[in-house]
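**Student:** The sequence and its predicted three-dimensional model are supplied below.
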Amino acid sequence: KQEVTQIPAALSVPEGENLVLNCSFTDSAIYNLQWFRQDPGKGLTSLLLIQSSQREQTSGRLNASLDKSSGRSTLYIAASQPGDSATYLCAVVIGGSGNTGKLIFGQGTTLQVKP
Amino acid sequence: NAGVTQTPKFQVLKTGQSMTLQCAQDMNHEYMSWYRQDPGMGLRLIHYSVGAGITDQGEVPNGYNVSRSTTEDFPLRLLSAAPSQTSVYFCASSRRNRNQPQHFGDGTRLSIL
């Protein structure tokens, strides 16, 4: 059974710091890995999607890497800002019916960036 | 742009009551799904649908029913609510492609007394 783990559960950093969030998964048979952001009381916003054949994806100050063989992904946030404060979730996609994928989520890392 | 709309945003029920959580999307997405989010458990898939008339079970389907009569709507029904179903429920949609990101609604916060 696929299991996804995120470490640390919570992180507090001063503004401007570069930081890394970690995600690990137990089964390398995935189609892709996705990183989401969740603000308090809100839904999930997709940040980055890395296909299984890719090693990394970048969007602005965010860079996500994927090492499928070792079952690991990292989300790198450069020059953190207070507005980055949120819970970050990673999810791996496994096969569903009809060319669709089912998301298996980690429990998230709650990030606080202090001004 | 509306995206994925969930109603209601909050609901309190008594044990044994029934209710339907509504989910609608305006992006013409074939794939829709329901998740529940519980502290310490992350999000878990309840049911999903790959198109109108087609539904399938996820990881935690017991106690929930779904149907998909149109592309736009995917309601989740609780037939006899139990305290264990207290949770935050999220609906998501995407193109029918494993490498498409999923779009989530803002959730329904449900308490069962």
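**Tutor:** Ah, there it is.

**Student:** same question for stretch B:68-77, mean pLDDT?
**Tutor:** Stretch B:68-77 carries an average pLDDT of 97.

**Student:** which residues sit against it?
**Tutor:** Here stretch B:68-77 makes contact (Cβ atoms under 8 Å, 6 or more residues apart in numbering or on different chains) with B:18-26, B:28-30, B:32-34, B:46-47, B:49, B:51-55, B:64-67, B:89, B:91, B:93. C-beta: built from backbone N, CA, C; applies to glycine.

**Student:** Run through those residues and flag the ones next to chain A.
**Tutor:** B:33, B:51, B:54 (Cβ under 8 Å from any Cβ of the partner chain).

**Student:** What ranges does chain A have for its strands?
**Tutor:** Counting by DSSP state E, chain A has these strands, from start to end: A:4-7, A:10-14, A:19-25, A:32-38, A:44-51, A:56-59, A:62-67, A:72-77, A:86-95, A:101-105, A:109-114.

**Student:** which parts of the first one are buried?
**Tutor:** Just to be clear, that refers to strand A:4-7. Within strand A:4-7, the residues that qualify as buried are A:4, A:6, counting by 16 or more other Cβ atoms under 10 Å in any protein chain shown.

**Student:** what packs against that strand?
**Tutor:** Applying 3 or more Cβ pairs under 8 Å, 6 or more residues apart in numbering or on different chains; DSSP states H and E, one finds that strand A:4-7 contacts strand A:19-25, strand A:86-95.

**Student:** Mind listing the strands the shortest one pairs with, and their directions?
**Tutor:** When pairs are called by DSSP bridges, strand A:19-25 turns out to pair with strand A:4-7 (antiparallel), strand A:72-77 (antiparallel).

**Student:** okay but residue A:93 is in contact with residue A:25, surely?
**Tutor:** No - look at residue A:93 against residue A:25 with Cβ atoms under 8 Å: they stay out of range, at 10.6 Å.

**Student:** got any residues that touch both of the two?
**Tutor:** Here residue A:93 and residue A:25 have A:33, A:104 as joint contacts, going by Cβ under 8 Å, 6+ apart.

**Student:** residues from chain A in reach of chain B?
**Tutor:** So chain A meets chain B at A:4, A:31-32, A:34, A:36, A:41-46, A:49, A:51, A:89, A:91, A:93, A:95-103, A:105-108 (Cβ under 8 Å from any Cβ).

**Student:** ok so, going back, make JSON lines out of the strands paired with strand A:19-25 and add mean pLDDT.
**Tutor:** Putting the strands paired with strand A:19-25 into JSON lines (pLDDT from 0 to 100) gives the following:
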{"stretch": "strand A:4-7", "mean pLDDT": "95"}
{"stretch": "strand A:72-77", "mean pLDDT": "97"}
